[in-house]
Structures are given as structure tokens and as C-alpha cells.
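In: Starting from these lines, generate the structure:
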Amino acid sequence: MPTSVTIADAVKEELNNHSFSQSFTAVRKFIPKYTLEELTTLRVTVVPKANEENLITRSDSQREVQIDIGIHKKIDSDEETEAPPLIALAEEIMQYIRKLKLTNAPGVFWVRTENNPIYSQEYLQKERVFFSLITVSYKLAG
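Out: Below you'll find the model as predicted:
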């Protein structure tokens with residue numbers, strides 16, 4: 001049965017095998033930590049977030065795994081022109097994830113996707129860095 005790390009790796013691979021409006025190479029990390037210099041390039045980070053198991057019947061349970069996808073980029077000049085394409089990229093990733101069957105994680109099914117925050121106002125204001133967080137929830141069969 002796939003683990004949260006296996007699912008995060010599968011999401012990373014699927015993102016890297018698709019062409020989006022902006023070019024990036026997704027990486028799976030446990031701590032999505034970057035220097036400001038590293039963030040001059042668009043970074044997409046996939047992180048295992050949560051693992052929940054619920055009882056369905058006396059003998060059966062169901063697992064739900066959440067994966068975070070972070071979009072990070074230093075804003076060079078004007079957030080009013082640079083942020084909208086990054087927000088659009090987050091929406092594009094969300095639409096792609098919804099239709100996706102994870103090749104490297106069979107028996108895993110998409111449940112929901114949330115984009116919160118759409119962007120971090122605090123991070124943008126203090127560090128001049130755009131940060132958007134997408135949380136994807138998957139149910140595991142069996």
C-alpha cells in the first residue's frame with residue numbers, strides 16, 4: 001500500500017511529466033526551505049502533509065493522505081504584474097491534479113484540492129516572495 005512519501009513522489013513525477021504555462025521542475029522535500037537567491041527561479045515543492053485513518057465498519061478502515069504543493073518565487077519588481085501568472089499556475093496545477101491518476105501510486109484516488117493561501121500576503125510584503133499552497137487529499141483503496 002502506498003505511503004504518504006510514495007504518494008508525494010508520485011505527484012512530483014506527474015507534475016514533472018506535464019507541460020504547464022510556466023516551466024518548473026517539482027521536487028519532493030520534507031522541509032521546503034530556500035534562500036532568496038534560490039527563489040529567483042520558480043520553485044514547486046511537494047511535501048507529504050497528513051495521514052488519516054477512519055473506521056468504516058468494525059473491521060474495515062479507510063486512509064486519507066494529504067500532500068502539499070508549494071509554489072515559491074521571488075518577485076523582482078511589481079507584484080501586481082508578477083503575482084497573477086503565479087496564481088494562474090496554481091489554478092492550472094489544481095485543474096490538472098483533479099483529473100490525474102497517479103501512475104506510481106495505484107489504488108490512490110483524488111478526493112479534493114484546496115488552495116489556501118492563494119498567496120501569502122505576509123511573505124510577499126516582508127520578503128518579496130510569492131508563496132501559494134495547494135493541499136491535495138487522496139483516499140487509498142482497501
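
In: C-alpha only now, for contacts and for neighbours.
Out: Fine.

In: quick one, strands of this structure?
Out: Assigned by DSSP state E, the chain shows strands spanning 27-28, 43-55, 61-74, 108-115, 129-140.

In: for the shortest one, what is the average pLDDT?
Out: In this case it means strand 27-28. For strand 27-28, mean pLDDT is 98.

In: Check which helices and strands that strand is in contact with.
Out: If you count contacts as 3 or more CA pairs under 8 Å, 6 or more residues apart in numbering; DSSP states H and E, strand 27-28 packs onto helix 4-16, strand 43-55.

In: residues in contact with that strand?
Out: Contacting residues not belonging to strand 27-28 are listed as 8-9, 12, 44-47 [CA atoms under 8 Å, 6 or more residues apart in numbering].

In: Could you dump these into CSV with distance to Glu37 added?
Out: CSV is the format used below for the contacts of strand 27-28 (distance: CA to CA, whole Å):
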residue, distance to Glu37
Ala8, 26
Asp9, 25
Lys12, 23
Val44, 15
Thr45, 16
Val46, 20
Val47, 21
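
In: For Val111, give me its contacts.
Out: 136-139.

In: repeat that with 6 Å
Out: Applying CA atoms under 6 Å, 6 or more residues apart in numbering, one finds that Val111 lies in contact with 137-138.

In: Listing partners with orientation, what would you give for the worst-scoring helix or strand of the chain on mean pLDDT?
Out: Of all regular secondary-structure elements in the chain, judged by mean pLDDT, DSSP states H and E, the least confident is strand 43-55 with a mean of 92. The pairing partners recorded for strand 43-55 under DSSP bridges are strand 27-28 (parallel), strand 61-74 (antiparallel).
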